[in-house]
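J.: Quick check, what structure comes out for this input:
(chains A, B, C and D)
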Protein chains: 2
Amino acid sequence: MSGKIPGVNITTLSALSEPNRMNIVELLRQGPLTVGEIADQLGLRQPQTSKHLKVLSDNGIVEMQAEGNRRIYKLRPEPFQALNSWIQSFQSVMQERFDNLDAYLKELQNKEK
Amino acid sequence: MSGKIPGVNITTLSALSEPNRMNIVELLRQGPLTVGEIADQLGLRQPQTSKHLKVLSDNGIVEMQAEGNRRIYKLRPEPFQALNSWIQSFQSVMQERFDNLDAYLKELQNKEK
DNA sequence: AAGCAATATTCCTTGACGGGAATATTCCTG
DNA sequence: CAGGAATATTCCCGTCAAGGAATATTGCTT
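T.: Numbering: from 1, shown residues only, chains lettered A, B, ... in the order given. The predicted structure follows:
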């Protein structure tokens, strides 16, 4: 029992932890954009932009709609919902309730028969 | 002006996107633990455990308190609070509303098959 | 049909990262 | 004080991911 990660897809975090991809996501919050527009606004080259979009797409963070010559990318809600419910499960941590170090120290001492 | 990421420390996501470190975080939710205990419960070797803890510590995800021979690690609330408020700012994305009627209609047609 | 525009893909190189093994450091105990 | 426990650090190596450059692919326009 050592390997199970409950809430989040680790790959979602991985995908978002790349600065350019995070920038793409932040940009797409405002609405769908074509590859060219994304590359333009972020100062990226077209091939790298496509590559990053592929990673985001493979992870379900983004979806694509072909429109003639261009591909329009936009955010998908699911990964963010998942991320949200995962972080929500950290309420107790965020409220700093259980930083009961003293209790733990006592427990440690007990074990040290 | 191409590099600023508003809410999250990208390094927080990066740190959490490594499976073993995510496991450590999940484990520490329940309360503080020593290096040995962490290594034990996750089936990791001590040196790797220390290294991962260093990364988590450098990113402020975890803090350490020396207690004689041992080091007790526990979660810090700040990164999770930050992550939370960042994800909260995606409310509009997370509530999936169909601002794209065409896609919706197309999907309808597929189901009629 | 030809050429151009928009995007995707491939190949190559380089740097970062994680694991293994060994060693260093600090503290505790007899 | 010696030895052992708990943890940190260093070195080496293999893998992987990201950027650059070139090329392929598909659609549009005239």
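J.: For chain A, just list every one of the strands.
T.: Along chain A, the stretches classed as strands by DSSP state E are A:33-34, A:62-67, A:70-75.
J.: what stretches of chain A score poorly on pLDDT?
T.: A:1-7, A:97-113 (pLDDT under 70).
J.: Could you show which parts of it are in contact with DNA strand D?
T.: Within chain A, the positions near DNA strand D by Cβ under 7 Å from any atom of the strand are A:18, A:20, A:45, A:47-48, A:51-52, A:55, A:68-69. (Glycine included, C-beta is placed from N, CA and C.)
J.: Could you single out the nearest of the residues you listed to DNA strand C?
T.: residue A:47 (2.9 Å; Cβ to the nearest atom of the strand).
J.: Could you give the number of residues near the closest one?
T.: For residue A:47, the neighbour count with other Cβ atoms under 10 Å in any protein chain shown is 10.
J.: give me the number of residues near the closest residue to residue A:93 other than its chain neighbours?
T.: Nearest non-adjacent residue to residue A:93, counting by Cβ to Cβ, 6 or more residues apart in numbering or on different chains: residue B:75, 5.2 Å away. Other residues within reach of residue B:75, judged by other Cβ under 10 Å, total 26.
J.: show me the contacts for residue B:75.
T.: With contact taken as Cβ atoms under 8 Å, 6 or more residues apart in numbering or on different chains, residue B:75 is in contact with A:93, B:25, B:28-29, B:61-62.
J.: Could you export those residues as TSV, including neighbour count?
T.: TSV is the format used below for the contacts of residue B:75 (neighbours: other Cβ atoms under 10 Å in any protein chain shown):
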residue	neighbour count
A:93	21
B:25	21
B:28	20
B:29	15
B:61	25
B:62	23
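J.: coming back round to it: most packed of the strands of chain A?
T.: Highest mean neighbour count among those (mean count of other Cβ atoms under 10 Å in any protein chain shown): strand A:70-75, with a mean of 18.
J.: Pairing partners for that one, with directions?
T.: If you go by DSSP bridges, strand A:70-75 pairs up with strand A:33-34 (antiparallel), strand A:62-67 (antiparallel).
J.: out of the ones you listed, which comes closest to residue A:40?
T.: In terms of Cβ to Cβ, the element of the strands paired with strand A:70-75 nearest to residue A:40 is strand A:33-34, at 9.2 Å.
J.: and that closest one, how far out from the chain's middle?
T.: 20 Å (Cα atoms, centre = their mean, to the nearest Å).
J.: what's in contact with that strand?
T.: A:27, A:41, A:67, A:70-74.
J.: And the biggest helix by length in chain A, what's buried?
T.: For chain A, the longest helix by residue count, based on DSSP state H, is helix A:46-58. By neighbour count with 16 or more other Cβ atoms under 10 Å in any protein chain shown, helix A:46-58 contains the buried residues A:49, A:52-53, A:55-57.
J.: So which of those residues is the closest to residue B:86?
T.: Closest to residue B:86, out of all of those and judged by Cβ to Cβ, is residue A:56, at 17.0 Å.
J.: looking at it, the closest one is touching residue A:24, isn't it?
T.: Yes. Counting by Cβ atoms under 8 Å, residue A:24 is a contact partner of residue A:56 at 6.6 Å.
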